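A.B. asks: structure for this input, please:
(chains A and B)
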Number of protein chains: 2
Amino acid sequence: MEKNSQNNTDSSLRRISRRNVLKAAGIGGAGMLLGASGIGSFLTSTGNSMTKDETDNNFIPFYGKHQSGIITDMQDHIYFVSLEVTAESRQDLIKLFKDWTNAAAALTEGKGVGEASGKSYLPPKDTGEAAGLSPSNLTITFGVGPGLFVKDGRDRFGLQRKRPKELKDLPLFPLDSLDEKWTGGDICIQACADDLQVAFHAVRNLVRIARGKAVIHWAQTGFQRTKQADLKKETPRNLFGFKDGTVNPDLHNQKELNEQVWVQPEDGTSWLAGGSYMVVRRIQMYIEVWDRSSLRDQEATFGRLRESGAPLGQKHEFDKADYQKKDENSEPVIPMNSHMRLAHGKGQNQILRRSYSYTDGMDPDTGSLDAGLLFICFQRNPDKQFIPMQERLAKQDKLNEYTVHKGSALFACLPGTHKGGYIGETLFS
Amino acid sequence: MEKNSQNNTDSSLRRISRRNVLKAAGIGGAGMLLGASGIGSFLTSTGNSMTKDETDNNFIPFYGKHQSGIITDMQDHIYFVSLEVTAESRQDLIKLFKDWTNAAAALTEGKGVGEASGKSYLPPKDTGEAAGLSPSNLTITFGVGPGLFVKDGRDRFGLQRKRPKELKDLPLFPLDSLDEKWTGGDICIQACADDLQVAFHAVRNLVRIARGKAVIHWAQTGFQRTKQADLKKETPRNLFGFKDGTVNPDLHNQKELNEQVWVQPEDGTSWLAGGSYMVVRRIQMYIEVWDRSSLRDQEATFGRLRESGAPLGQKHEFDKADYQKKDENSEPVIPMNSHMRLAHGKGQNQILRRSYSYTDGMDPDTGSLDAGLLFICFQRNPDKQFIPMQERLAKQDKLNEYTVHKGSALFACLPGTHKGGYIGETLFS
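C.D. replies: Residues are numbered from 1 along each chain as shown, chains lettered A, B, ... in the order given. As a prediction, the model looks like this:
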């Protein structure tokens, strides 16, 4: 089977060449981000690619200045896992990141993990369930949580002095109802792909590589009707039926990305320059309660029309919201406690949203389907972006009647690496 | 939004016409099953379609002699839900099946549920998250469990005398470790689609329609890398990396389907003729234990080669297994306790397998990913098909070292219906 994977990949590499030439030349739209800072080999220089490969190859390079899976177009599925590190030595931890880097690079190319030993008395290196599958636009993104730097007062890995001040547990927001089983973690792996089996395979094998060094703390799958939305250039709807979170930084604007998404060298944490802070929130939606509320209430809650996604008082989804506009009773057309107005605030805190819907069978507490949003956002500085935004929302958002935040975590997603290097190298060197 | 859906559907209906003409004429392969028994209107006569529509429309008709979702080519995702009926009257139950039938027919066409009221002071009829999406080959399949006929000794709906003798709780097999939260149910709904959001939307709205008449007992999503496998005409791999369950009845052979899948008029339960018994088992896989076992052990466990899927001793996946063949030590090449040999038995009990993989975060008991198989099979008679097969497997199957059955249910999937009729009509009339 490893043989098959190998063949598929070789053929994939051949077949993608034309498209990647266009990309690297900046014609495909992705090259714009490269500037003069492209590093590594030709193929790795497309590692910043933000446009999903819609060819049969569906290949997004792992290597690049930034990790993929951040400004990459959303894939159909996510497999997110949060890990607790059990390794005792810095050397073991470094070895883990090196092994992960090599494995992740192979996985994103549609290869299996490790060479086939050909020895049937040994366990296969790769677990095999993705054999013969295309890369499916797989991206693998690693982040480190506060617990890696100091835990229970212990500086386990000599990293304490490297902890950025922004990397700490998120504050408990009003109405938070966090459950330890969906909260925190020392390391996270975000695997996104257009085929859930491919994403599952990636996480499973990365967890397997970590055996003896890290254990699973929590895991969550998510889905998004992305492919269809992509084709129609539409924003996917959340499980409340609304087009939410449609205001994101312009992924084609390098200046905006540097201001809002990528940690900069001058931010005081040099090892994280080119990385990004990732907030993860497991937000359960009380869909039965929502389904009993009137359309008017629903639209007032989001501040948008359901059908078109337009801001209230406007016609089209991407029309600019008019927060000053008043109705015939001199009330704001976009209510003061609407989700959109509060998320927008004074318009200065943007975040890059990359959320997925989830559903996990029945919630035993309510007898309803346990479903909601695996909210994920990336940003340069959580203290200036997610936290003030969430403080406004947690206090006043009308949406709070229908949702509850049950999980929460903050990770620093490491900068990307080049072939021969490893994710985390800037942190450990 | 309902307006949009309406438009999409109208346009879909236009666009599918040519393909359905071919189908109904028997040219597309699906017409073969119709014989002289085609009922209902032209469109409904394609309701037996077993081939997924790979056009943009992705439309599988709901109406037909049989329910869709049984011999239909597998879609990428399943949303399965088991319900407990709380309705007290037969009339309420009949009303529920009528409402479900109308809703399911609309949903499979990519429409929303119910007409848009246009009244913003009312809750929307449809929850909206699938607005603008294609039907995505959605099929909705209804089944009834033993509890609908008699529960705690009560004949709640005057159905007791109609219960087929085959429709009873499955026996507790050796090594079963069933959990009530994944076992049984009065009614099941199987929604399968190539887009999980479409399947979720269907189940959510059908559950909503049942409010006051039925509550969720358990729900389970599943996935399958079907689309890619379809393209390559390959059997998808399970989470152990193997191509399992590749022996299924020939879906193009009406005689075989009548013998193995569809309940026949002479079977003693006339209301179920054209229906099929559905077994559901939630089988957790101990993937970490599996991943530590040698390739040789893994192959001996299934009785197949991992890479090719070929039976041991053969070269290709669909080569006929030679159960007599001996190795140089005069041991059977396909071990006596291998999964394939035991499932095959004397070769007389076939089942139509239609299983999906599942993954549900971390299993708190093991600290590993909770993942496995939502095993689903259809058959004419569980007493002669699944039960004897599972009795053999539960006692001797080497695979039992790596799996545990945690959920179990048996349902009688009702025959199909025509436009103007309803699913369950044969049972209640």
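A.B. asks: how about A:L369, what does it touch?
C.D. replies: A:I287, A:T359, A:G361, A:M362, A:D363, B:V203, B:R204, B:V207, B:I216, B:A219 (Cβ atoms under 8 Å, 6 or more residues apart in numbering or on different chains). Quick note: C-beta positions are derived from backbone N, CA and C, even for glycine.
A.B. asks: between which two of those residues is the distance greatest?
C.D. replies: Largest separation among those by Cβ to Cβ: A:D363 and B:V203, giving 14.4 Å.
A.B. asks: got the phi and psi for the residue of the stretch 301-429 of chain A found nearest chain B?
C.D. replies: As assessed by Cβ to the nearest Cβ, chain B sits closest to A:E307 within the stretch 301-429 of chain A, at 4.0 Å. Main-chain dihedrals, A:E307, degrees, to the nearest 10: phi -60, psi -50.
A.B. asks: do I have it right that it meets B:G132?
C.D. replies: No - taking contacts as Cβ atoms under 8 Å, A:E307 lies outside contact range of B:G132: 9.6 Å.
A.B. asks: next, count neighbours for A:G212.
C.D. replies: Close neighbours of A:G212, defined as other Cβ atoms under 10 Å in any protein chain shown, add up to 10.
A.B. asks: residue contacts, it?
C.D. replies: So A:G212 contacts A:T86, A:A87 (Cβ under 8 Å, 6+ apart).
A.B. asks: what separation is there between it and A:L96?
C.D. replies: With distances taken as Cβ to Cβ, to the nearest Å, A:G212 is found 9 Å from A:L96.
A.B. asks: likewise A:Q350?
C.D. replies: Using Cβ to Cβ, A:Q350 is found at 34 Å from A:L96.
A.B. asks: do A:D250 as well
C.D. replies: Applying Cβ to Cβ, the value for A:D250 to A:L96 is 36 Å.
A.B. asks: re the thing from before, higher neighbour count, A:D363 and B:V203?
C.D. replies: Neighbours were counted for A:D363 and for B:V203 using other Cβ under 10 Å; B:V203 has more, 23 against 19.
A.B. asks: roughly how far apart are the more buried one and A:N102?
C.D. replies: Plainly put, B:V203 is 41 Å away from A:N102 if you go by Cβ to Cβ.
A.B. asks: do you have the helices of the stretch 251-400 of chain A handy? List them.
C.D. replies: Along the stretch 251-400 of chain A, counting by DSSP state H, counting those that start in this stretch, helices occupy A:254-260, A:287-291, A:295-302, A:339-344, A:386-396.
A.B. asks: just those helices: most buried one?
C.D. replies: Most buried of these, by mean neighbour count (mean count of other Cβ atoms under 10 Å in any protein chain shown): helix A:339-344, with a mean of 22.
A.B. asks: centre of the chain to it, how far?
C.D. replies: 21 Å (Cα atoms, centre = their mean, to the nearest Å).
A.B. asks: same check, this time on stretch A:388-404
C.D. replies: 21 Å.
A.B. asks: please apply the same query to stretch A:284-298.
C.D. replies: Using Cα atoms, centre = their mean, the offset of stretch A:284-298 from its chain centre is 27 Å.
A.B. asks: list the contacts of it.
C.D. replies: A:238-242, A:301, A:306, A:363, A:366, A:368-373, A:401-406, B:119-124, B:127, B:204, B:208.
A.B. asks: strands - which of those land there?
C.D. replies: A:L369, A:D370, A:A371, A:G372, A:L373, A:T403, A:V404, A:H405, A:K406 (DSSP state E).
A.B. asks: among those residues, which two are most distant?
C.D. replies: Applying Cβ to Cβ across those, the maximum distance is between A:L369 and A:H405, 17.9 Å.
A.B. asks: low pLDDT regions in chain A?
C.D. replies: By pLDDT under 70, the low-scoring segments of chain A are A:1-50, A:54-56, A:116-117, A:226-231, A:245-246.
A.B. asks: would you tell me which residues of the stretch 201-350 of chain A are close to chain B?
C.D. replies: Proximity of the stretch 201-350 of chain A to chain B (Cβ under 8 Å from any Cβ of the partner chain) is limited to residues A:203-204, A:207-208, A:215-221, A:223-225, A:227-228, A:232, A:234, A:236-242, A:287-288, A:291-296, A:298-299, A:306-307.
A.B. asks: of the contacts of A:L369, closest to B:D176?
C.D. replies: A:G361 (20.0 Å).
A.B. asks: secondary structure element for the residue nearest to that closest one when sequence neighbours are not counted?
C.D. replies: Closest residue in space to A:G361, ignoring its immediate chain neighbours: B:A219 at 4.5 Å, by Cβ to Cβ, 6 or more residues apart in numbering or on different chains. Using DSSP states H and E, B:A219 sits within strand B:214-223.
A.B. asks: kindly export that strand (C-alpha atoms) in CSV.
C.D. replies: In CSV, the C-alpha atoms belonging to strand B:214-223 read as follows (Å, rounded to 0.1, in the frame of the first residue of the first chain):
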residue,chain,number,x,y,z
ALA,B,214,-41.2,11.8,19.2
VAL,B,215,-37.9,12.6,20.9
ILE,B,216,-34.3,11.7,20.0
HIS,B,217,-33.0,8.6,21.6
TRP,B,218,-29.6,8.6,19.8
ALA,B,219,-27.9,10.1,16.9
GLN,B,220,-24.7,9.3,15.0
THR,B,221,-22.9,10.9,12.1
GLY,B,222,-20.7,8.8,9.8
PHE,B,223,-18.4,9.4,6.9
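A.B. asks: tell me the residues of the stretch 1-150 of chain A that contact chain B?
C.D. replies: Within the stretch 1-150 of chain A, the positions near chain B by Cβ under 8 Å from any Cβ are A:1, A:3-4, A:79, A:119-124, A:126-134, A:136.
A.B. asks: could you flag which of those are buried?
C.D. replies: Among the residues of the stretch 1-150 of chain A next to chain B, the ones that count as buried by 16 or more other Cβ atoms under 10 Å in any protein chain shown are A:1, A:79, A:123-124, A:126-134, A:136.
A.B. asks: looking at those, spot the one nearest chain B.
C.D. replies: A:G128 (2.5 Å).
A.B. asks: show me where the stretch 151-300 of chain A has its strands.
C.D. replies: A:187-193, A:214-223, A:276-285 (DSSP state E, counting those that start in this stretch).
A.B. asks: got the contact list for the residue in the stretch 201-350 of chain A that chain B sits nearest to?
C.D. replies: In the stretch 201-350 of chain A, no residue comes nearer to chain B than A:G241, which is 2.5 Å away by Cβ to the nearest Cβ. For A:G241, the contact set (Cβ under 8 Å, 6+ apart) comprises A:Q298, A:R306, B:M1, B:P124, B:D126, B:T127, B:G128, B:E129, B:A131.
A.B. asks: repeat for A:K151
C.D. replies: Taking Cβ under 8 Å, 6+ apart as the test, what A:K151 contacts is A:D186.
A.B. asks: relative to A:A219, how far out is it?
C.D. replies: 21 Å.
A.B. asks: then A:N258?
C.D. replies: With Cβ to Cβ as the criterion, A:N258 and A:A219 are 32 Å apart.
A.B. asks: same thing with A:Q67?
C.D. replies: As judged by Cβ to Cβ, A:Q67 and A:A219 stand 20 Å apart.
A.B. asks: what residues does stretch A:301-312 touch?
C.D. replies: A:235, A:240-244, A:246, A:293, A:295, A:298-300, A:315-317, A:319-322, A:333-335, A:338-341, A:398-399, A:401-402, B:1, B:3-4, B:124, B:128, B:131.
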